[in-house]
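Colleague: Have a look; sequence and predicted model below, questions after that.
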Amino acid sequence: MNDSFQQLELDRRQFLRMSLMTSAMLMVSPRALEGQETSAPGGLEMSAPGYPAFAALHPLPPGVVRPEGWLRVYLEKQAAQLGSKLTQVSQPFTSAYWAGEEVAESWWPWEQGAYWIDGATRLALVLQDERLLRQAQAPIKYTLSHADPDGYLGPNKIKSLADGYGRWPHTVFFRSLSAASDGHGAPGIPEAMQKHYISDSVDYSKAPRNFTNIEDMLWCYERTGDARLLALAEKAWREYSKKAGGPSHCDLSAMRVYADTPINAHGCDYIEAAKQPAILYLYTGRPEYLRFALAAQRRIFDHHMLIDGIPSTSEWYRTTTSLDSHETCDITDHTWAWGYMLMATGDGIWGDRIERACFNAGFGAIKKDWKALQYFSCPNQFLATLNSDHNFPDRDSDLRGGRQMAYQPNPGQKTACCGGNVHRLFPNYVIRMWMKDANGGVAATLYGPSRVKTTVGAEHQEVEIVQETDYPFGEEIHFTINAKQAVSFPLSLRIPAWCAAPKILINGKSVSLPEIKKGFVVLDREFRPADTITLILPMKVAVTHWPQNGIGIEHGPLVYSLGIKEQWTSTIEPNYSTAEYPSWSATPESPWNYGLAIDPERLLSQVKLQRKPMTPDPWVDPPVTLVVPVKKIENWELQSNPDNADDKFTPPLPDLSASKISQEVERVTLVPYGSTHLRVTIFPKVSAG
């Protein structure tokens, strides 16, 4: 740890101690103000900032969980490339939004810049990257030091904006404030936010996104004890949900949310809204909030999920064909929302969902050198160019222009949300890998190489847990307990729903598996220094079925695809890309037109699993592959735009009754979805004979 981060850690600990003293003076303020029980069974850390009274699980401050292994490799790539360079490459990130810039047509650039500020702050904290932290904190320091006399924080341009987006940029930006406060004790942030919210006269119930400030209001409430913030948050939700009846209002009225119908709403609008009652439940314990949140999520999983773990959200929720896509913002926003569901319910299924989305959809939308990403990505994308967007093929479209499938440093250009929001995805994964419970224990909620240092048990003893694993490529996860002396505490390990026969070893000896409850097993025992726990999660090959005779293959948490060799060409677009960070188009250089000639009843004999030792960069050189039988469909070709033959698009699955299918069975190698740029993931199912 360098000297600057040592000081940041000391500052953070001092901040926590001061916060605890304040909480003691306020009688653990939020609960005491409501006349509820103020004692917390977990002890000292349970009273620290960030522990809502009714959370089943709660995350540790940013920077407490440290990534290692392949996970650190990719976060360091992110930090070295667009994570730090985006502000030098593309508008609006090259302008000083949240640092004095007031010129814009609307609220958009403040939202977009705030996404990057939040992501870069969290990335810097989990990596202890001092240089990136200084870069990310500059607009935060500016905003805090330029508050209006009435307490308002932010640009004057949108202070009086009357529509339902006027305070949406604040939701995004204030997340970076919470990370700065919790992660290294940046002083005065809860008080500044408190003054901002209490003095603001804007209608916080206004749709589609003003009311999302509930998330930040409640963070501030926990830290200041100001019950007015809770009242403001509950009022905003109550009034919003009464009028949220139409698609422009996220389709989340009380009448609609319990219906078994597809969602008629914009993906980001809906998921940002749907998590709010789960957060309210964390602070109030009112079951109606949690019921509402669960019902809102159920509609996503019943009607819109794609194979890679994210719902079809090419702007609005759509169907589940091989061509249905998702916006990269939706990968970040859905996994962020599911983290709150995990905290509220304590159910490991939300960890399963986050992993599947991050390992597949997340990596699948990013160029593996972290120099570009897609606005829309898709399970089947046979080309990704500036004129191949099958979601919005009209190149004259004002907003989309048919270009959103290409890999670009800022694929939305003026609609630059994804270019900023992608930077929140993997830092938030790391931050939420380990959580505390209400019994002084810790829970391994998301898996990957990492280490965490925290306090546990009734005596609040310090312990470090090191997680060594090749997961999700390997089946074994090894935990080492580092402590000065023996310590008793409950250690919860998530058992993914896809795993039928998990095993646990303690110091190399097999032990009986405790009962799995809500997706976790709990080892409540005395641990001695250097104890090791090995969790084995055997992975099996499985098939899933999709519309139009589609079939997909997965293995454990990973989805597998036929990776298509790319022919890359680059373009420099002034204001949006540079020679070092150009816009990239990829066209196919290897065959892709195959049907999967597999009998699901004979998977073990038809699919060959191949393993090799863990590689330094497993998303470029995967250590696990699957060899499968296929038949070529000779007349399955790229689609052409009838108005412009130069525009090519990924085609839908073919009508096999009109297809010319080779009788020769070939074998091709499938790789993890997240290791591809072009891919076939949903195959036509052809006869196995």
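Modeller: Looks like it arrived, so ask away.

Colleague: residue ranges with poor pLDDT in the stretch 301-450 of the chain?
Modeller: Low-confidence segments of the stretch 301-450 of the chain (pLDDT under 70): 394-401.

Colleague: oh sorry, the question was meant for the stretch 51-200 of the chain
Modeller: Judged by pLDDT under 70, no stretch of the stretch 51-200 of the chain qualifies at all.

Colleague: So which residues of it form strands?
Modeller: 57-59, 65-67 (DSSP state E, counting those that start in this stretch).

Colleague: swap in the stretch 451-600 of the chain?
Modeller: Going by DSSP E, counting those that start in this stretch, the stretch 451-600 of the chain shows strands at 461-469, 476-482, 487-494, 503-506, 509-511, 520-527, 532-536, 541-546, 550-555, 558-563, 566-571, 583-588, 594-596.

Colleague: looking at the ones you listed, which is buried most?
Modeller: Burial of the strands of the stretch 451-600 of the chain is given as mean neighbour count (mean count of other Cβ atoms under 10 Å); strand 558-563 ranks first at a mean of 26. (Each C-beta comes from the backbone N, C-alpha and C, glycine too.)

Colleague: For stretch 607-619, give the mean pLDDT please.
Modeller: For stretch 607-619, the mean per-residue pLDDT is 97.

Colleague: mind listing what's buried in that stretch?
Modeller: 607, 618-619 (16 or more other Cβ atoms under 10 Å).

Colleague: Equivalent analysis for stretch 290-302, please.
Modeller: Buried residues in stretch 290-302, counted by 16+ other Cβ under 10 Å: 290, 292-297, 299-300.

Colleague: so residue 403 sits right up against residue 389, yeah?
Modeller: Yes: because the distance of 6.1 Å satisfies Cβ atoms under 8 Å, residue 403 is recorded as touching residue 389.

Colleague: of the two, who's got more company?
Modeller: Shown here are residue 403 and residue 389; by other Cβ atoms under 10 Å, residue 389 has more neighbours (30 against 23).

Colleague: Distance of the more buried one relative to residue 307?
Modeller: 20 Å (Cβ to Cβ, to the nearest Å).

Colleague: Now go through the buried residues of stretch 607-619 and say which are in helices.
Modeller: Assignment to helices by DSSP state H places none of those there.

Colleague: Of the residues you listed, just say which sits nearest to residue 220.
Modeller: The shortest approach to residue 220 among those belongs to residue 619, at 37.6 Å (Cβ to Cβ).

Colleague: Quick check: the closest one touching residue 358?
Modeller: No: using Cβ under 8 Å, residue 619 makes no contact with residue 358, being 11.6 Å away.

Colleague: Which segments of the chain make up each domain?
Modeller: Domain assignment for the chain, taken from automatic domain parsing, gives 57-94+105-177+187-375+409-435, 443-536, 557-684.

Colleague: so which of the ones you listed comes closest to residue 546?
Modeller: Here domain 557-684 is closest among the domains of the chain (Cβ to Cβ), at 5.1 Å.

Colleague: ok so, going back, so which of the strands of the stretch 451-600 of the chain comes closest to residue 674?
Modeller: Using Cβ to Cβ, the nearest of these to residue 674 is strand 558-563, at 7.5 Å.

Colleague: Run the chain-centre distance for the closest one.
Modeller: 20 Å (Cα atoms, centre = their mean, to the nearest Å).

Colleague: So in that sheet, which strands flank that strand, and in what orientation?
Modeller: The sheet places strand 558-563 alongside strand 550-555 (antiparallel), strand 666-672 (antiparallel), strand 679-680 (antiparallel), with pairing taken from DSSP bridges.

Colleague: who's residue 542 bridged to?
Modeller: Bridge pairing for residue 542 - DSSP bridges - gives residue 554.
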